[in-house]
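Q: sequence unknown, structure follows:
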């Protein structure tokens with residue numbers, strides 16, 4: 001009887017088990033460009049254009065297995081705690097004419113959507129849309145499946 005009361009006391013006094021921490025979305029990985037819309041106009045994209053985001057904050061563009069453009073001068077930062085999560089993509093960071101895309105992103109299953117602007121001094125987008133004259137580009141990418 002005492003053993004049963006002791007066990008009951010422990011069970012009641014035990015701390016509540018918490019849900020495991022929620023995994024935040026990350027763009028790290030390989031993504032194939034599915035569509036690209038700028039100023040509300042869908043651009044023609046050819047299959048095989050791959051964006052790779054690395055764990056050390058670099059990003060590369062590949063086409064047909066070949067790296068396109070600068071390999072070490074592209075970087076990205078993301079803040080997964082904002083709503084929606086934010087991302088900045090920097091091209092040619094060592095040049096005087098550094099290009100920066102200021103944007104937001106979302107991941108739904110195996111689809112990454114990045115919506116941003118390169119317009120100097122422009123506000124970060126708050127919606128996933130690219131309308132005529134907006135100077136906003138929206139990328140829709142699919143996660144590359146590993147065999």
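A: Perfect, I can see it now. Computed from a predicted structure; not experimentally measured.

Q: what about the chain, any weak spots by pLDDT?
A: 1-17, 19-24, 70-72, 92-97, 147 (pLDDT under 70).

Q: center of it, which residue is that?
A: Nearest to the mean C-alpha position of the chain, by Cα atoms, centre = their mean, lies residue 27 at 3.5 Å.

Q: excluding sequence neighbours, find me the nearest residue to it.
A: Counting by Cβ to Cβ, 6 or more residues apart in numbering, the nearest residue to residue 27 once its immediate chain neighbours are dropped is residue 53, at 4.7 Å. All C-beta spots, glycine's among them, are computed from the backbone N, C-alpha and C.

Q: ditto for residue 118
A: In space, residue 118 comes closest to residue 101 once its chain neighbours are excluded; the distance is 5.2 Å by Cβ to Cβ, 6+ apart.

Q: ok, the one you found - contacts?
A: Contacts for residue 101 (Cβ atoms under 8 Å, 6 or more residues apart in numbering) come out as 87, 88, 89, 90, 91, 114, 116, 117, 118, 137.

Q: can you list which of these are found in strands?
A: Cross-referencing the contacts of residue 101 against strands under DSSP state E gives 87, 88, 89, 90, 91, 114, 116, 117, 137.

Q: verify the stated contact: the fourth one with residue 116.
A: No: with contact defined as Cβ atoms under 8 Å, residue 90 does not reach residue 116; the gap is 11.6 Å.

Q: so for those two, which sits in the more crowded spot?
A: Taking other Cβ atoms under 10 Å, residue 90 and residue 116 do not tie; residue 116 has more neighbours (24 against 18).

Q: nearest residue to residue 64 in space, please, no chain neighbours.
A: Leaving aside its sequence neighbours, residue 64 sits nearest to residue 48 (Cβ to Cβ, 6+ apart; 5.4 Å).

Q: count of neighbours near the one you found?
A: Applying the criterion other Cβ under 10 Å, we find 12 residues in the vicinity of residue 48.

Q: so it versus residue 118, what's the distance?
A: From residue 48 over to residue 118 the distance is 24 Å, taken as Cβ to Cβ, to the nearest Å.

Q: swap in residue 83?
A: Shown here: residue 83 relative to residue 118, a distance of 23 Å by Cβ to Cβ.
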